[in-house]
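[1] this is the structure alone, sequence omitted:
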C-alpha cells in the first residue's frame, strides 16, 4: 500500500513539471549564439547529429578524402553544409573569399599593365603620341617620379600609337633602345644590341592583322597592341649629354609608312627638372587604371587567364566597370594586401634564385635571365611581380649575358644583417678593385614607396666612378658611404639619405666583363657603420 502511494506521488510531480514547462512564456527562451563564420550551433549540431544514411543495395564504401565534411574549421571561419551542399551563409563566406583571392592575384598579375599605362599618361602630358619626343637634356633627376632610373644615362622616350598601317621609326646611332607593347611585352631592340648594331636605322612596326606588302630596307617588328612605349638611352661624352641629345634631334622620326616621302616634324620636349608622374596607383584606383587599358587595347593581346580573372571582378572589354559596395570593399582590401605582397617579394625574395650570390644580399628580378618570365614552360610569377613593381622596360638586353655590352644590376633593400636601410644611419659599401666594367659603374638610391630616385638635398641621389674627386684606396678599391651627413674626409664618396626614411639601392655595371658573369667579382654587402 505504501509503495502504491509513492508511485502516485511521483506521477503527480511529473505531471506538474510538464505543465509548468509547457506554460513557460516564449520570451524566456534562449537563442543559440552563432558560431564563427556565421552558422548557428543548431545548424552545425544538426549537421553533426544527423543520422548516417541507410546502407542501400548498391552502396559501396567511399574512399578516404573524396567527401567534404559538413563542418570544417578554416582560416576564413566555420564552414557548414548539408551532405556536401554549403548552407547560404557559408556560400557568402566562400564567395567573398574567392573574389578576394582572385582580386589579389589579378592585382599582382596586372602590375605591368597599370605601370605602362602610367608611363603613357606621364609621357602624353608633355605632348601627343607619334610627334612628341621627351628628352632629359640635362639628365633625369629626382624631380620626376619614374621607376628606378639612373643618374648618368641620357633618357629619351616617346609613345607610339598604331593605326591601320605600319609605322616607321628612324632611330639615332649609339643608343640602347627598345620597344614594349601596352602589356609591357618585348617588341624590338634598337641601338647597340639591336639589328642596326648601334648605327641607327629605319624600323617598320607592323600592326596586328596587317596584310599589305612590306617594303624592303627596314628592320621589321610586329606589335599586337595599339599603344607602344619607345625608350632609348644615350651616353654622355666627356661628361656632357649634349652629343646624345643632338644625335636624337637630328635623326629620330616617327611617321606612317604612307608619309615616308614627307614625314611630319617632331616636337622635342626637354623634361629635365620637370615634375612628371609615371607611377601607377596602389589603391582602389589601380583597378580603374587597368580597366582603362582593357577598354583601349585589343582584348586578344592579353592572356586568357588574366582576362578571365579580371572579368570575374567586373573588368571586361566593352562593359562598364561598376562594382557594387561589396565588390568595392573587396577590391580595396585586395589592393592593400597585394601592395604589401609586392613589396615583400621585392625586399625579401623567398626564392634563392633571386640572390646573385649565395652569401650576399644583392638580388635581381630576372631568374636565369628570363625576361619573358618563363622557364621550362613554368611562369615565374614572383619574378614578374618583382620586375614590374620595381622597374620598367622589358628587353633581352637587360637579362642576357652580353659581355661588354648593356648593363647589369644588383639591388639591395637590406644591409648585411638583413635589416632595411634607415636614412638616419650611415652605411658603407666596399667596392673591391678591378671592377669588371668596360664603361663605368654607379650607385643610385631610391625611395621605397615610389621606387623613384630618393629626393634629398642632392639633385642626383647617386655616384659613379667617373666623379671628380672620388677617393680611391691604395689597392684600387673604393668605399662609398650612404647617410644623412658625410663622414669626415669622405665627402666625395658620399650619397645623402633622409632621416627617418628608408631607401634601397642599385649598383650598376656598364659594359660588364667576364669576371662579373663568372661571379669571381662582386661588391661587399652594405654595412652599418654609425647610428644617430
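    Thanks, I have the structure now. Computed from a predicted model, the values in this text were never measured in an experiment.

[2] residue 140 touches residue 152, doesn't it?
    No - using CB atoms under 8 Å, residue 140 is not in contact with residue 152; the gap is 9.6 Å. For glycine as for every other residue, the C-beta is placed from the backbone atoms N, C-alpha and C.

[3] helix or strand for the most centrally placed residue in the chain, just tell me which one.
    Residue closest to the average C-alpha location in the chain (CA atoms, centre = their mean): residue 389, at 2.5 Å. In this structure, residue 389 sits in helix 381-390 according to DSSP states H and E.

[4] distance of the closest residue to residue 458 other than its chain neighbours relative to residue 142?
    Setting aside the residues directly before and after it, residue 458 is nearest to residue 496 in space (CB to CB, 6 or more residues apart in numbering), at 4.9 Å. Distance, residue 496 to residue 142, by CB to CB, to the nearest Å: 11 Å.

[5] neighbour-wise, which of those two wins?
    Neighbour count, other CB atoms under 10 Å: between residue 496 and residue 142, residue 142 has more, with 23 against 17.

[6] count of neighbours near the residue nearest to that one when sequence neighbours are not counted?
    In space, and not counting its chain neighbours, residue 142 is closest to residue 453: 3.7 Å by CB to CB, 6+ apart. Using other CB under 10 Å, the number of residues around residue 453 comes to 28.

[7] shouldn't residue 453 be in contact with residue 459?
    No - counting by CB under 8 Å, residue 453 does not reach residue 459; the two are 9.5 Å apart.

[8] what is in contact with the two at once?
    With contacts defined as CB atoms under 8 Å, 6 or more residues apart in numbering, the residues shared by residue 453 and residue 459 are 141, 142.

[9] could I get the full set of helices for the stretch 101-250 of the chain?
    Per DSSP state H, counting those that start in this stretch, the stretch 101-250 of the chain carries helices over the ranges 111-124, 242-251.

[10] what sits up against the longest one?
    By CB under 8 Å, 6+ apart, the residues outside helix 111-124 that reach it are 132, 134, 145-147, 157-159, 180, 182-184, 227, 229, 276-281, 286, 289-290, 292-294, 302, 342, 384-385, 388-389, 392.

[11] select only the buried ones of the residues you listed in ChimeraX?
    Per 16 or more other CB atoms under 10 Å, the buried members of these correspond to this ChimeraX selection:
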select :132,134,145,146,147,157,158,159,180,182,183,184,227,229,278,279,280,286,289,290,292,293,294,302,342,384,385,388,389,392
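
[12] just the contacts of helix 111-124: which are in strands?
    Among the contacts of helix 111-124, DSSP state E puts 132, 134, 157, 158, 159, 180, 227, 229 in strands.

[13] switch those residues over to TSV; also include distance to residue 241 and pLDDT.
    Below are the ones in strands among the contacts of helix 111-124 laid out as TSV (distance: CB to CB, whole Å; pLDDT from 0 to 100):
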residue	distance to residue 241	pLDDT
132	19	98
134	14	98
157	15	98
158	18	98
159	22	98
180	24	98
227	28	98
229	21	98
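
[14] before we move on, back to that, who are the packing partners of the helix holding residue 389?
    helix 88-109, helix 111-124, helix 325-347 (3 or more CB pairs under 8 Å, 6 or more residues apart in numbering; DSSP states H and E).

[15] got a list of what the residue lying closest to residue 189 once chain neighbours are set aside touches?
    Sequence neighbours aside, residue 178 is the residue nearest to residue 189 in space, at 4.9 Å (criterion: CB to CB, 6+ apart). With contact taken as CB under 8 Å, 6+ apart, residue 178 is in contact with 186-190, 194, 230-232, 393-395, 397.

[16] coming back round to it: from residue 274, how far off is the residue nearest to residue 142?
    Applying CB to CB to residue 453 and residue 274 gives a distance of 14 Å.

[17] low-scoring stretches of the stretch 351-500 of the chain, by residue?
    Regions of the stretch 351-500 of the chain meeting the criterion pLDDT under 70 are absent.
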